[in-house]
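**Student:** structural data only, the sequence is not supplied:
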Ligand code: S3P
C-alpha cells in the first residue's frame, strides 16, 4: 500500500493500493469500551487507581475531559492513567457544558452518573452525536427520579440534567444496548433500593465485571442484572485488554488477502464481544485463538489469522449485539466470499456514528461489491474481485477502517476521504496497515 495521506482543510484523504503480502504482528490499541469504564468507575471510587494500556483516542479523551470538568484529578502519560476517585467529597458542578464529542458511550454513561448528582449540568456533543437517540437513557433515568430534558421532544442532545435523589427501578431494555444498561447501572449505584435491568439479548458486560471487581453488589441472573447500591467502590488498578473491535479489521484483512499471516497480540476475548471470531470461522476463516489468559477480570488471547477461502453466512438474532461494531468489516469479508451473506436484526446500526447500513452499502458498492440494503441489515452476494474507487468515511471511524482493508485487496487505487476519523478509536490504524503491508 502507499501510506500517502493528503491534507486538505485538515481533512485527510488516505490512499490504499493492493499489497502483495500482509504479514506480521499487531498490538491492537486498548479497548475503547473498557477504557471509558475504567475512567468513569474509578472516578467515583474512594482512592487512587492506575490504569495501564488505556486508549488515548478521541472518544476516551472526551470522557477524560468531562470527568476533569467535574473536578476529578486525572494524569495521563501516554497509555498510563492515574486517577483520584472523588467518593469522599463528590464531583464539583461543571462551569460549562460538558462536551462528549463524537462519543455515545461518554454521553450515555455520564448522563447516568450526572442524574444522581446534586447539581444541574449540560452535556452536548458533535453533530453526529446530537443526531443520535437519547430518549433511550432519558426515559429510564427520569423514571428513577432524575429530571433530564433534551431537544426534539426530549430525544436528542444537548441534555440538561437536573440530578437528585434517585429510586431503584425494574426496567426492561427496549433494545440490547450496553450503553443504556451501563447508564442505568451508574445511576443505580446512587439510588435508594435495588435496580433490576432486563436485557432482550446479552450486550457487552464490561460494566458489570468492573463493578464486581470494585466491590459492588451486582449479579446476573438469566437475562436480569441486579444491582444493590454499595456504600463505596474500591479503586481498581487495571490493565486494559486490546480492543477486539480494532483487531477485527486485521482478522478480516488476513482472511480475505491471498498471502496473509497476522498475529494480533493481547486481544480481549470477552464472550459478549467475540462474535467476530465465530462469524469468521463459520465463513471458513483460518482464525486461531492462542495463549488464552486473564487480564484483571477480562479474558485475553492472541489471535492468529491466515489467508482463507470464505463462504457466505447468515447473521442475526442474539448474535447481533456481540458483533454490532464489526458489521462494516464483516460486510467487506462477505463482499468477496463465495455465495450470499444475509445480515438481519441489525437496525441499531442506523443510529451509530453514521447510518452504518446505508453508508456501508453505498461505499462498498463504489468498490464493486454486490450489496443490497435491508431495513435491518444487508444482503451481500460475493464477487470475485473488488475494484478501487473513491470512498467517503461518512465521518465514521469503523467505516473508514473497513474501506481501508477493502482497498488492500481491490484492483487499482482506493481513496478514503475524512480518513483522520480513525482517531476516534484507533489512531495508529493507517501506520499499522503500512507496517503489515509488503
Ligand atoms: C458500547 C456499546 C455499543 C457499541 C459502542 C460502545 C459501549 O453501543 O456499539 O461502540 O461501550 O457500551 P450500544 O450498547 O448502544 O449498542
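**Tutor:** Good, I have the coordinates. Remember, predicted model here, so these are calculated numbers, not experimental data.
**Student:** I'd guessed residue 309 sits against residue 284; true?
**Tutor:** Yes. Using CB atoms under 8 Å, residue 309 is in contact with residue 284, at 6.0 Å. Heads up, the C-betas are built off the backbone N, CA and C, glycines and all.
**Student:** low-confidence ranges, this structure, go.
**Tutor:** Across the chain, the stretches falling below the confidence threshold (pLDDT under 70) are 1-10, 88.
**Student:** and it, which residues reach the ligand?
**Tutor:** Counting by CB under 6 Å from any ligand atom, the chain comes close to the ligand at 33, 36, 105, 177, 178, 179, 182, 203, 204, 324, 325, 348.
**Student:** quick one: contacts for the nearest residue to residue 317 once chain neighbours are set aside?
**Tutor:** What sits nearest to residue 317 in space, not counting adjacent residues and going by CB to CB, 6 or more residues apart in numbering, is residue 345, at 5.8 Å. Taking CB atoms under 8 Å, 6 or more residues apart in numbering, we find residue 345 in contact with 316, 317, 320, 376, 377.
**Student:** and the residue nearest to residue 48 when sequence neighbours are not counted, what is it in contact with?
**Tutor:** Using CB to CB, 6+ apart and skipping residues adjacent in sequence, the residue nearest residue 48 is residue 84, 5.2 Å away. The neighbours of residue 84, taking CB under 8 Å, 6+ apart as the test, are 47, 48, 72, 73, 74.
**Student:** now a PyMOL select for only the buried ones of those.
**Tutor:** Listed next is the PyMOL selection for buried residues among these, using 16 or more other CB atoms under 10 Å:
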select buried, resi 72+74
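**Student:** hmm, back to that, just the buried residues of the residues of the chain next to the ligand.
**Tutor:** 33, 36, 105, 177, 178, 179, 182, 203, 204, 324, 325, 348.
**Student:** and the residue nearest to residue 48, how far from residue 347?
**Tutor:** Distance, residue 84 to residue 347, using CB to CB, to the nearest Å: 41 Å.
**Student:** one step back: farthest-separated two in the residues of the chain next to the ligand?
**Tutor:** 36 and 348 (18.5 Å; CB to CB).
**Student:** got the domain boundaries for this protein?
**Tutor:** Annotated domains of the chain cover 3-30+241-436, 32-239 [automatic domain parsing].
**Student:** ok so, going back, with secondary structure as new columns, can the buried ones among the residues of the chain next to the ligand be given to me in a markdown table?
**Tutor:** Shown next, in a markdown table, are these (DSSP: H, G, I helix; E, B strand; the rest coil):
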| residue | secondary structure |
| --- | --- |
| 33 | helix |
| 36 | helix |
| 105 | helix |
| 177 | coil |
| 178 | helix |
| 179 | helix |
| 182 | helix |
| 203 | coil |
| 204 | coil |
| 324 | helix |
| 325 | helix |
| 348 | helix |
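**Student:** including distance to residue 293, could those go into CSV?
**Tutor:** What follows is those, written out as CSV (distance: CB to CB, whole Å):
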residue, distance to residue 293
33, 20
36, 23
105, 26
177, 29
178, 24
179, 28
182, 25
203, 24
204, 20
324, 26
325, 23
348, 32
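**Student:** gap between the two ends of stretch 13-33?
**Tutor:** Length of stretch 13-33, first residue to last, CA to CA, to the nearest Å: 27 Å.
**Student:** what of stretch 89-101?
**Tutor:** 27 Å.
**Student:** residues making contact with that stretch?
**Tutor:** The contact list for stretch 89-101 (CB under 8 Å, 6+ apart) reads 43, 58-59, 61-63, 65-66, 69-72, 106-107, 110, 117-126, 129, 157-158.
**Student:** in strands, which of those appear?
**Tutor:** Judged by DSSP state E, strands contain the following of these: 120, 121, 122, 123, 124, 157, 158.
**Student:** show me which of the residues you listed are buried.
**Tutor:** The neighbour-count test (16+ other CB under 10 Å) marks 121, 123, 124, 157, 158 as buried among those.
**Student:** looking at these, which is nearest residue 239?
**Tutor:** Checking those one by one against residue 239 (CB to CB), the nearest turns out to be residue 123, at 29.2 Å.
**Student:** so that closest one sits against residue 109, correct?
**Tutor:** No. Counting by CB under 8 Å, residue 109 is not a contact partner of residue 123; they are 10.6 Å apart.
**Student:** closest to the ligand among the buried ones among the ones in strands among the contacts of stretch 89-101?
**Tutor:** The shortest approach to the ligand among those belongs to residue 157, at 14.4 Å (CB to the nearest ligand atom).
**Student:** and that closest one, how close does it get to residue 431?
**Tutor:** 33 Å.
**Student:** check residue 44 too.
**Tutor:** If you go by CB to CB, the gap between residue 44 and residue 431 works out to 36 Å.
**Student:** for the nearest residue to residue 405 once chain neighbours are set aside, helix, strand, or coil?
**Tutor:** Using CB to CB, 6+ apart and skipping residues adjacent in sequence, the residue nearest residue 405 is residue 253, 4.2 Å away. Put simply, residue 253 is helix when judged by three-state DSSP.
**Student:** and residue 50, which of the three is it?
**Tutor:** Strictly by three-state DSSP, residue 50 counts as strand.
**Student:** from the chain's centre, how far out does stretch 27-45 sit?
**Tutor:** 12 Å (CA atoms, centre = their mean, to the nearest Å).
**Student:** likewise for stretch 131-138?
**Tutor:** Worked out by CA atoms, centre = their mean, stretch 131-138 lies 17 Å from the chain centre.
**Student:** okay, how far is it across it, tip to tip?
**Tutor:** Stretch 131-138 end-to-end distance (CA to CA) = 15 Å.
**Student:** now what about that stretch, what contacts it?
**Tutor:** 104, 107-108, 111-112, 148-150, 154-157, 159, 174-175, 177, 179-180, 183-184, 351-352.
**Student:** try stretch 120-130
**Tutor:** Contact with stretch 120-130 is made by 62, 66, 93-94, 97-104, 106-107, 110-111, 114, 151, 156-163, 353-354, 395, as judged by CB under 8 Å, 6+ apart.
**Student:** start to end distance for that stretch?
**Tutor:** First-to-last residue span, stretch 120-130, CA to CA: 19 Å.
**Student:** output the buried ones among the ones in strands among the contacts of stretch 89-101 as JSON lines; include the columns distance to residue 265.
**Tutor:** Converted to JSON lines, those look like this (distance: CB to CB, whole Å):
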{"residue": "121", "distance to residue 265": "40"}
{"residue": "123", "distance to residue 265": "36"}
{"residue": "124", "distance to residue 265": "38"}
{"residue": "157", "distance to residue 265": "37"}
{"residue": "158", "distance to residue 265": "40"}
